[in-house]
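Chemist: Sequence isn't available, so here's the structure alone:
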Ligand SMILES: Nc1ncnc2c1ncn2[C@@H]1O[C@H](COP(=O)(O)OP(=O)(O)OP(=O)(O)O)[C@@H](O)[C@H]1O
C-alpha cells in the first residue's frame, strides 16, 4: 500500500481557553476523495485553516508527501508556502476578486508559476520571450479549466456579476488551474441547487479519475458526501469520533448520535443544521 499524500497526526488548535481541534489524526490520498464531516462548530474549518497555513497549530504534525520535494511538514510553512507545495483550497464564503474578470481571477492564482523568482517580474516588464511563453501557458491553462467547467462564455465577465453557483465553479476552476496535489474544498455545495450539486459531484469524480490528485472535502450535504467519498473522517467537539467508508460511517452509532440522526441519513439533503 502506498503511503498517503497527506498525513495529519495529533493536530491540536487552541484559541485561548477553547480547544477547537483536539489531537486529530487524518489522512488524504491521491486519486481519492476524502470527506471531513461533523456538526457545526466541530472544528472542520479550523483543521483546513491549520492545513493551509492560515493558522499555526498549537501542536501536531501535518506531513505532505510531495512527489519531487519529498516529505514536507506543512505546519512549518506560512500560507503562500503551503500553496506552493500544491495544497490549495476554496473557502466556505466565496473569495473571488469580484471586479476582476473570471479569466483574470484564474491568472492571478497562477502568478506563482509566472513569477517563481523575482527576476521574472523584470522579465515581464521587458516583455522577454520566456515570460511571454509562461504567460501564454497560464492563459491556456485557465481557458482549459473554464471550458471544462462550462465557464468559457463568461471568461471576460466580472466575477462578481455571476450567479452564486457559477462563482462556486470559478473558485474550483481557479484552484485547479494551479495544478494542485491536494484540493481542499470547504462546503462547495453550500447554496447550490440540486442540479448544480449533481454537476458538482460529477465534476469532483471526474477530477479524481482524470487528474490523480487528492480531494479533501468539508461538506454538510450528506447525499453528496456519501455518493462521492472514498473515505470519511468525522469530528465532533474538536475530536475525531469515527473514520471509514461511507457505508461504515452511515451505520456508525456514534456518528448517527452526534451528527447524522436517525435513520434515512443518505436521503437527508443536509445534516448538522444550517449549511453555510
Ligand atoms: N479564529 C478563531 N478564534 C476563536 N475561536 C475560533 C476561531 N475559529 C474558530 N473558532 C471556534 O472553533 C470552533 C470550531 O470552529 P470551526 O469553524 O472550525 O467549526 P466547523 O466544524 O468548521 O463548523 P461549521 O460546520 O459551522 O463551519 C468553534 O467553536 C469556533 O467558534
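Modeler: Alright, I've got the coordinates. Note that the structure is predicted; figures quoted are calculated from it, not measured.

Chemist: what packs against the strand or helix carrying residue 217?
Modeler: Using DSSP states H and E, residue 217 maps to strand 214-218. Identification of packing neighbours for strand 214-218 by 3 or more CB pairs under 8 Å, 6 or more residues apart in numbering; DSSP states H and E yields strand 18-28, strand 33-37, helix 44-51, strand 182-186, helix 194-211. Every C-beta, even on glycine, is put in place using the N, C-alpha and C of the backbone.

Chemist: Go through the first one and flag the buried ones.
Modeler: By neighbour count, and taking 16 or more other CB atoms under 10 Å as the criterion, the buried residues in strand 18-28 are 19-22, 24, 26-28.

Chemist: Which of those residues sits closest to the ligand?
Modeler: When the buried residues of strand 18-28 are ranked by distance to the ligand (CB to the nearest ligand atom), residue 20 comes first, at 3.4 Å.

Chemist: can you pull the contacts of the closest one?
Modeler: 13-14, 43, 46, 238 (CB atoms under 8 Å, 6 or more residues apart in numbering).

Chemist: swap in residue 189?
Modeler: 196-197, 200, 219-221, 224, 275.

Chemist: coming back round to it: the strand holding residue 217 vs the ligand: in contact?
Modeler: No. On the criterion CB under 6 Å from any ligand atom, strand 214-218 is out of touch with the ligand, staying 6.6 Å away.

Chemist: Given that strand, what are its sheet partners and their directions?
Modeler: strand 33-37 (parallel), strand 182-186 (parallel) (DSSP bridges).

Chemist: if I've got this straight, residue 233 is in a strand?
Modeler: Yes. Remark: residue 233 belongs to a strand, assigned using DSSP: H, G, I helix; E, B strand; the rest coil.

Chemist: do you know how far it is from the ligand?
Modeler: To the ligand, residue 233 is 12 Å away according to CB to the nearest ligand atom, to the nearest Å.

Chemist: residues contacting that residue?
Modeler: 24, 26, 34-37, 240, 242-243.

Chemist: same thing with residue 193?
Modeler: Residue 193 touches residue 165, counting by CB under 8 Å, 6+ apart.

Chemist: Ok, residue 37 next?
Modeler: 44, 218-220, 222, 225, 232-235, 249, 259, 271-272.

Chemist: Same check on residue 245?
Modeler: Counted by CB under 8 Å, 6+ apart, residue 245 has contacts 230-232.

Chemist: ditto for residue 225
Modeler: 35, 37, 217, 219, 232, 246.

Chemist: Find the nearest non-adjacent residue to the residue of the stretch 51-200 of the chain found nearest the ligand, please.
Modeler: For the stretch 51-200 of the chain, the residue closest to the ligand is residue 92, as judged by CB to the nearest ligand atom, at 6.1 Å. Once flanking residues are discounted, residue 92 sits nearest to residue 186: 4.6 Å by CB to CB, 6 or more residues apart in numbering.

Chemist: ok, that neighbour touching residue 45?
Modeler: Yes. Applying CB atoms under 8 Å, one finds residue 186 in contact with residue 45, separated by 6.0 Å.

Chemist: More neighbours: which of these two?
Modeler: More crowded of residue 186 and residue 45, by other CB atoms under 10 Å: residue 186, with 21 against 17.

Chemist: List the contacts of the more buried one.
Modeler: Here residue 186 is in contact with 44-45, 48, 89-92, 218 (CB under 8 Å, 6+ apart).

Chemist: which of those residues are buried?
Modeler: 44-45, 48, 89-92, 218.

Chemist: which one among the residues you listed gets closest to residue 169?
Modeler: residue 90 (10.4 Å; CB to CB).

Chemist: Quick check: that closest one vs residue 101, distance?
Modeler: Remark: distance between residue 90 and residue 101 (CB to CB, to the nearest Å) = 19 Å.

Chemist: What of residue 64?
Modeler: Using CB to CB, residue 64 is found at 32 Å from residue 101.

Chemist: Can you tell me which residues in the chain are near the ligand?
Modeler: 15, 18, 20, 38, 40-46.

Chemist: Widest-spaced pair of the residues you listed?
Modeler: Using CB to CB, the residues of the chain next to the ligand span at most 17.4 Å, a distance reached by 15 and 38.

Chemist: Between those two, point out the one with more neighbours.
Modeler: Legend: neighbour count by other CB under 10 Å for residue 15 and residue 38, higher for residue 38 (26 against 11).
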